[in-house]
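**Student:** sequence unknown, structure follows:
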């Protein structure tokens, strides 16, 4: 019984990684962005928001920041 519980707990790691990875890439596949709304945001403000949340970087760097591989920009 203990072996069964340990195996189930160890399977949590790859399953959570897969769910997080699939969610990350699905959110990047949908059209639009987090700052799209009825009111237009000035381009300078939009550029600052994208830089703050690392949305101006390539998707592989965004994934590294998301997964904790790279530190976030200061």
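**Tutor:** Looks like it came in fine. What you see is a predicted model, and the numbers here were worked out from it, not measured in a lab.

**Student:** go through the protein and flag its longest helix.
**Tutor:** Criterion DSSP state H: the longest helix present in the chain is helix 2-29.

**Student:** any idea of the mean pLDDT in the next helix or strand after that one?
**Tutor:** As assigned by DSSP states H and E, the chain's next helix or strand after helix 2-29 is helix 43-52. In this model, helix 43-52 has an average pLDDT of 91.

**Student:** could I get the buried residue list for helix 43-52?
**Tutor:** residue 46 (16 or more other Cβ atoms under 10 Å). Glycine gets a C-beta too; all of them are placed from N, C-alpha and C.

**Student:** who touches it?
**Tutor:** 35, 41, 55-56, 73 (Cβ atoms under 8 Å, 6 or more residues apart in numbering).

**Student:** and these, which is closest to residue 18?
**Tutor:** residue 55 (23.4 Å; Cβ to Cβ).

**Student:** if we can go back for a sec, tell me which two in the contacts of helix 43-52 are the farthest apart.
**Tutor:** Checking these with Cβ to Cβ, the most distant pair is 41 and 73, at 20.0 Å.

**Student:** now list the buried members of the contacts of helix 43-52.
**Tutor:** residue 55.

**Student:** wait, which of the contacts of helix 43-52 is closest to residue 12?
**Tutor:** Nearest to residue 12 among the contacts of helix 43-52 is residue 55, at 29.7 Å by Cβ to Cβ.

**Student:** surely the closest one meets residue 61?
**Tutor:** No - with contact taken as Cβ atoms under 8 Å, residue 55 and residue 61 are classed as non-touching, separated by 10.5 Å.

**Student:** where are the low-confidence patches of this structure?
**Tutor:** 70, 72-74 (pLDDT under 70).
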